[in-house]
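Visitor: Any chance you can model this:
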Amino acid sequence: MEVGTLIQTVKNEVHLCQHDVEATWLISCARRASLIDGCMAELGVYQGGTAKLICEVKGDKILYLFDTFSGNPEGDEFDKKDFNSKFVGDYETVKKYLKDYPNVHIIRGVFPDCELPDVEYSFVHIDTDSHRSTKPALEYFYPRLVPGGILLIHDYLLFGVGTAIQAFLKLHDDPILINAGHLRIIKSV
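Guide: Got it, this is the predicted structure:
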């Protein structure tokens with residue numbers, strides 16, 4: 001399916017919290033990462049819109065989806081205090097929405113205190129809107145990212161998310177690209 005048509009289809013099905021240029025970049029990164037070894041993951045599933053975009057280009061790769069399905073966990077000192085229930089998805093609805101795609105595993109719980117697979121990743125999309133979730137996500141996924149793998153982080157301009165990313169980037173010297181609402185980190189080695 002053509003990218004613009006795919007994005008519009010998803011927007012007609014669910015509330016997609018990404019602008020067209022952001023969704024296009026997500027698709028492009030996931031498509032590129034589908035060509036190298038490793039599983040894929042998304043942290044912050046909401047209604048499954050971005051997960052469906054990933055599913056459309058991942059091929060047979062395993063995709064792990066992580067979400068509380070009860071809203072954002074309580075933030076820390078870097079996060080807004082009023083964002084807790086903004087994006088509440090429904091586990092059964094997302095499961096049904098993505099049922100036709102192979103190798104999709106939906107994991108409920110507060111990250112990282114949920115079931116975490118011991119695998120390597122070629123692509124990870126982090127969209128948690130919070131420092132409290134972004135920081136441990138970077139700490140968990142980065143060491144498991146294969147060389148050339150992509151970490152794509154949405155809403156990097158939010159204070160909490162940006163604070164987590166800036167601290168992370170001080171420790172790692174990988175190439176980064178910023179486009180629209182995403183920041184992309186490509187693991188060098």
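
Visitor: Residue 37 and residue 91, how far apart?
Guide: 29 Å (CB to CB, to the nearest Å). The way it works is simple: take the backbone N, C-alpha and C, and place the C-beta from them, glycine included.

Visitor: no wait, residue 169
Guide: Applying CB to CB, the value for residue 169 to residue 91 is 33 Å.

Visitor: Who's the closest spatial neighbour of residue 6, skipping the chain neighbours?
Guide: Spatial nearest neighbour of residue 6, excluding adjacent residues (CB to CB, 6 or more residues apart in numbering): residue 56 at 5.8 Å.

Visitor: next one: residue 136
Guide: Leaving aside its chain neighbours, residue 136 sits nearest to residue 112 (4.6 Å; criterion: CB to CB, 6+ apart).

Visitor: contacting residues for the one you found?
Guide: If you count contacts by CB atoms under 8 Å, 6 or more residues apart in numbering, residue 112 has them with 136-137, 140.

Visitor: Tell me which residues touch the spatially most central residue of the chain, please.
Guide: By CA atoms, centre = their mean, the chain has its centre lying nearest to residue 125, at 2.3 Å. Residue 125 makes contacts with 26, 29-30, 41-44, 50, 54, 152-154, as judged by CB under 8 Å, 6+ apart.

Visitor: and the helix or strand where residue 4 lies, what's its mean pLDDT?
Guide: For residue 4, the enclosing helix or strand under DSSP states H and E is helix 3-13. Per-residue pLDDT over helix 3-13 has a mean of 97.

Visitor: And stretch 165-185, by the same measure?
Guide: Mean pLDDT, stretch 165-185: 85.

Visitor: Only the C-alpha atoms, please, for that stretch, written as PDB.
Guide: The C-alpha trace of stretch 165-185 is given here as PDB (Å, rounded to 0.1, in the frame of the first residue of the first chain):
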ATOM      1  CA  ILE A 165      17.500  11.800  25.700                       C
ATOM      2  CA  GLN A 166      20.000  14.500  26.500                       C
ATOM      3  CA  ALA A 167      21.400  12.400  29.500                       C
ATOM      4  CA  PHE A 168      21.500   9.300  27.200                       C
ATOM      5  CA  LEU A 169      23.300  11.100  24.400                       C
ATOM      6  CA  LYS A 170      26.100  12.300  26.700                       C
ATOM      7  CA  LEU A 171      26.900   8.600  27.200                       C
ATOM      8  CA  HIS A 172      26.700   7.500  23.600                       C
ATOM      9  CA  ASP A 173      28.200   8.800  20.400                       C
ATOM     10  CA  ASP A 174      25.800   7.400  17.800                       C
ATOM     11  CA  PRO A 175      24.500   9.400  14.900                       C
ATOM     12  CA  ILE A 176      21.200  11.200  15.500                       C
ATOM     13  CA  LEU A 177      18.700  12.700  13.100                       C
ATOM     14  CA  ILE A 178      15.900  15.000  14.100                       C
ATOM     15  CA  ASN A 179      12.800  15.300  11.900                       C
ATOM     16  CA  ALA A 180       9.300  16.600  12.800                       C
ATOM     17  CA  GLY A 181       8.400  15.200  16.200                       C
ATOM     18  CA  HIS A 182      11.000  12.300  16.200                       C
ATOM     19  CA  LEU A 183      14.600  11.900  17.100                       C
ATOM     20  CA  ARG A 184      16.300   9.000  15.500                       C
ATOM     21  CA  ILE A 185      19.400   7.300  16.900                       C
END
